[in-house]
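> Test case, fold it:
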Amino acid sequence: MSMRKVILLLMILGVCNVYAERKKVGLVLGGGGAKGAAHVGVLKVLEEAQIPIDYIAGTSAGALIGGLYAAGYSADQLDSLIHHLDWKSLMSDQSSQKNLFYKTKERDAKYLLTFPFNKKISLPAGIVSGQNVMNLLSDMTIGYHDLKSFEDLPIPFACVATDLSGGKSMVLSSGSLPLAMRASMSIPGYFTPVSMDSMILVDGGVLNNLPTNVVKAMGADITIGVDLSAGEGKQDLYSFMGMLNQLIDIMGSTMYEKNKADLDLCLVPALKGYGTMSFFNQAIDTLYNSGLQTAQAHLPQLLALKAEIYGGDTTNLPPYREFDNTAAMHLYDTIRINDIFFENIPPQDYRWFLKETELKQHSNITLKDINNALSILEGLDMFSSVTYTLSDKEPCDLIFILKKKALNQINVGFRFDTESLGSLLLNTTFSQKFLKGGEVGVTAKLDMNPYLEIDYNWGAGFMNKLSVGYKLGYHNFNMDKHRKRIDNIYFFWQNANLKYMGVFKNLEVQTGLEWDYYGRINAIFDTDYNPMKVNRGSYVNYFCNLNIDAYDNKYYPHKGFYGSFSAKLITDNFIGINGNSPLGVIAFNVETVVSFTDGFSLIPSLSGRFLWGDEVPAIYQNYMGGSLNARYLPQQIAFPGIRNIQVFEDMLGMARLMLRFRLKPKHYIFAGGDFAKQSQHIGDIFSGDNIWSTHARYSFDSPVGPISLQLSYSNWVKQLVAYASIGYNF
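Numbers count the residues shown, from 1 in each chain. This next block holds a predicted model:
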């Protein structure tokens, strides 16, 4: 070897030795919920300044951003992620509507609160199980679900959580990366705690919201921290999150002050006006920019630290970190699957669950396939949480982690409106055993038209069911004729039914036999509004119902279809009525939505009820009016612009066309009109009376259900009708 080559080799080795001995940099990312978007802005500037990062320690939101960055995601990738996530869905347990069964959709559209219980009623440890955020983290960290040490990540990483059982801060640095991040961000009272070994873990910010001590223990010589708990102004101590944040600050204040003082550089983004739960697009954008601008303002200090890191010489630096992200590649690649497992289900039900997920063992699948299976399992409504994990080496074992729901539950719904004031709906469901066996439901509605219902369903899971039910109620409503009040109608009623149900995802079919009994009715009217006395009477009816709900949202759908169809034969002796033929009834209500843009939609619908028979008992006549279908009588068709309820001819059809415009997230304007025709005979329907109304409504998608204000006018009443409501429809 020539002398020149020897000298060159010695120079290269010398340079490598200098850089090998440079100071190690630790990045500390504090907790703060939605404010974690500021971390991404800081990372962007650190990359541009080419500040090396050798270790990362994070808490809560800092654990989420820090863990993904340590796994190989760049600041640009994280920027794209936080700006395109569906935060509303992510921060809830909301399941995809397309995989929910009809009964589940029907329940969710009526009840605001659900309390599960077995032997005793207890409030859940958190409002949200966190399954959606856990599954996102699992998607983004494939290959890192079972690590011996987080030091094996592209950047060594650790995060902190608080162990409730031991009352101390815990450093998580091995095992499942997504589970560790999920544990660190378990906001007490909002997310359910994470069970890990013998620990019950909640948000690490409770005791250590700025874990400088952790990154120093990992080997950092120089530390840079991003503190999200400062610079946000005075806490709103009368809000839940404000009070919680203040308590966390108090409990962790000693550790926080020490860790902050130990940082070589502490970056404090301006966060005033934003809080832990500011998960909306404008806030995320502002928080990201705040982190970006704060880091840019401290660029001189960062460059000074960079010189210190490299011993004063920042010329001819080695290449900056390459973002070779193995985890991100799996977002698009196929994954070779070996075996598929389901935790917490009986072995005899394994094949049924595997079939439902539409997955096959020993096959190639994608993340889309896994997420579709998760959505299907969530839609079964059997589990309080549905998550998954993959072994790290292909072919991978896929494990679905299923946490069974309590067998019994209490559901509570409420609404207030200007037609019937307050209404409360209470339901208790008792199940005999998981998946198979009988289910008893008790439902009570408390308002001016109360009822009590008891039903028993027998069947296996979501297979076909046999049902028997009994319902006792009281009707009390005003009868109008055009603008004139005719009478107040009131009576007791009973219903018993035996039916067979075919249960599907978006569809339910019922067929069976029912008994109706009506107590003495003070008065009722024919279509000419002649008062009639109605004696006590009972009827035996045969029925077949078909219900479809393929909407993506019950109250503000963007796409889909809704329909209900009913056919019924009404008798008083199983054969006919008073020696005449039975009364035949056909009724339907169909609706769809056509969305031209994200904010503008057209919603057409058709409704109708047609009667054939020699005799029509007054209680089964056609009634129309009010703002909700079936509010006063089961067959009532809603028609804004007509107060209360009015009687119509045997043939009644209605068309509605609504325009919906979204002013801004959760705020909507509806405008449209109804057109109805009535006649005594089907052949005369198009020449019958014209009945029309026009109406406009403002609606807010609130946490307690839609809040609506409506004005309507009809040619039938010729009077402006105002209506206001809060809550779900039932």
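
> next one: phi and psi at the residue nearest to the spatial centre of the chain?
For the chain, the residue nearest the mean C-alpha position is residue 94 (2.1 Å; C-alpha atoms, centre = their mean). Backbone torsions for residue 94, taken as degrees, to the nearest 10, come to phi -60, psi 130.

> Find me the pLDDT at it, would you?
pLDDT recorded at residue 94 is 77.

> and if you look at the one 4 residues further on?
At residue 98, the pLDDT value in this model is 75.

> how far away is it from residue 464?
22 Å (C-beta to C-beta, to the nearest Å). All C-beta spots, glycine's among them, are computed from the backbone N, C-alpha and C.

> Could you find the closest non-adjacent residue to residue 603?
residue 658 (4.2 Å; C-beta to C-beta, 6 or more residues apart in numbering).

> Give me the more crowded residue out of residue 98 and residue 464.
Comparing residue 98 with residue 464 by other C-beta atoms under 10 Å, the one with more neighbours is residue 98, at 16 against 12.

> Where does the residue nearest to the more buried one when sequence neighbours are not counted sit, in terms of helix or strand?
Excluding the flanking residues, the one nearest residue 98 by C-beta to C-beta, 6+ apart is residue 552, at 7.0 Å. Following DSSP states H and E, one finds residue 552 outside all helices and strands.

> Tell me how many other residues crowd residue 552.
As a burial measure, residue 552 scores 13 neighbours (other C-beta under 10 Å).

> Could you check how far it is from residue 649?
Distance from residue 552 to residue 649, by C-beta to C-beta: 37 Å.

> What of residue 292?
68 Å.

> Residue 641: helix or strand, and which one exactly?
With DSSP H and E as criterion, residue 641 is part of no helix or strand.

> so where is the stretch 51-200 of the chain shaky, pLDDT-wise?
Applying pLDDT under 70 to the stretch 51-200 of the chain flags residues 119-125.

> switch the cut-off to 50
Scanning the stretch 51-200 of the chain for pLDDT under 50 picks out no residues.

> just the strands in the stretch 251-400 of the chain please.
265-267, 335-343, 363-365, 383-390, 396-404 (DSSP state E, counting those that start in this stretch).

> would you list those in TSV and tack on distance to residue 21 and mean neighbour count?
Converted to TSV, the strands of the stretch 251-400 of the chain look like this (distance: least, C-beta to C-beta, whole Å; neighbours: other C-beta atoms under 10 Å):
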stretch	distance to residue 21	mean neighbour count
strand 265-267	22	21
strand 335-343	41	16
strand 363-365	46	15
strand 383-390	39	21
strand 396-404	40	19
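
> Ok, which of the ones you listed comes nearest residue 310?
Nearest to residue 310 among those is strand 265-267; the distance by C-beta to C-beta comes to 15.9 Å.

> and the residue lying closest to residue 450 once chain neighbours are set aside, which of the three is it?
Excluding its sequence neighbours, the residue lying closest to residue 450 (C-beta to C-beta, 6+ apart) is residue 474, at 5.7 Å. Secondary structure, DSSP: H, G, I helix; E, B strand; the rest coil: residue 474 is strand.

> and residue 474, what does it touch?
Going by C-beta atoms under 8 Å, 6 or more residues apart in numbering, residue 474 touches 449, 450, 451, 490, 491, 492, 493.

> Next step: those residues restricted to strands.
Using DSSP state E, the members of the contacts of residue 474 that fall within strands are 451, 490, 491, 492, 493.

> Would you show me how to pick out the buried ones of those residues in ChimeraX?
Here is the ChimeraX command that picks out the buried ones among these, judged by 16 or more other C-beta atoms under 10 Å:
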select :451,491,493
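
> Just give me the closest of the ones in strands among the contacts of residue 474 to residue 384.
Nearest to residue 384 out of the ones in strands among the contacts of residue 474 is residue 451 (C-beta to C-beta; 29.9 Å).

> The closest one: what's its closest spatial neighbour, skipping adjacent residues?
Residue 451 sits nearest to residue 473 (C-beta to C-beta, 6+ apart), 3.1 Å away.

> Could you do residue 652 as well?
Nearest to residue 652 is residue 622, by C-beta to C-beta, 6+ apart, at 4.5 Å.

> So for the one you found, what's the pLDDT?
97.

> and if you look at residue 536?
For residue 536, pLDDT reads 81.

> Next: residue 7.
Value for residue 7, per-residue pLDDT: 43.

> ranges for the strands of the stretch 1-150 of the chain?
Applying DSSP E, counting those that start in this stretch to the stretch 1-150 of the chain gives strands spanning 25-29, 55-59, 113-117, 126-128.

> Tell me who's in contact with the closest residue to residue 529 other than its chain neighbours.
Nearest non-adjacent residue to residue 529, counting by C-beta to C-beta, 6+ apart: residue 481, 4.7 Å away. Neighbouring residues of residue 481 by C-beta under 8 Å, 6+ apart: 525, 529, 646.

> filter those to the buried ones?
525, 646.

> now, which of the contacts of residue 481 lie within strands?
Reading strands off the contacts of residue 481 with DSSP E, I get 525, 646.

> can you list the contacts of residue 481 in JSON lines and add pLDDT and distance to residue 617?
Shown next, in JSON lines, are the contacts of residue 481 (pLDDT from 0 to 100; distance: C-beta to C-beta, whole Å):
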{"residue": "525", "pLDDT": "85", "distance to residue 617": "13"}
{"residue": "529", "pLDDT": "87", "distance to residue 617": "17"}
{"residue": "646", "pLDDT": "95", "distance to residue 617": "18"}
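
> Could you pull out the buried residues of the helix or strand harbouring residue 591?
Take DSSP H and E as the rule and residue 591 turns out to sit in strand 583-592. Under the neighbour-count criterion of 16+ other C-beta under 10 Å, strand 583-592 has 583, 585, 587, 588, 589, 591, 592 buried.

> re the thing from before, residue 292 and residue 649: who's more crowded?
Per other C-beta under 10 Å, whichever of residue 292 and residue 649 has more neighbours is residue 292, with 21 against 18.

> how far away is that one from residue 298?
11 Å.

> before we move on, back to that, can you put the buried residues of strand 583-592 in JSON lines and add pLDDT and distance to residue 254?
Listed next are those as JSON lines, based on pLDDT from 0 to 100; distance: C-beta to C-beta, whole Å:
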{"residue": "583", "pLDDT": "97", "distance to residue 254": "78"}
{"residue": "585", "pLDDT": "98", "distance to residue 254": "73"}
{"residue": "587", "pLDDT": "98", "distance to residue 254": "69"}
{"residue": "588", "pLDDT": "97", "distance to residue 254": "68"}
{"residue": "589", "pLDDT": "97", "distance to residue 254": "63"}
{"residue": "591", "pLDDT": "98", "distance to residue 254": "59"}
{"residue": "592", "pLDDT": "97", "distance to residue 254": "60"}
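
> quick one: which of these is nearest to residue 699?
Nearest to residue 699 among the buried residues of strand 583-592, with distances taken as C-beta to C-beta, is residue 591, at 16.0 Å.

> That closest one reaches residue 604, doesn't it?
Yes - using C-beta atoms under 8 Å, residue 591 is in contact with residue 604, at 7.3 Å.
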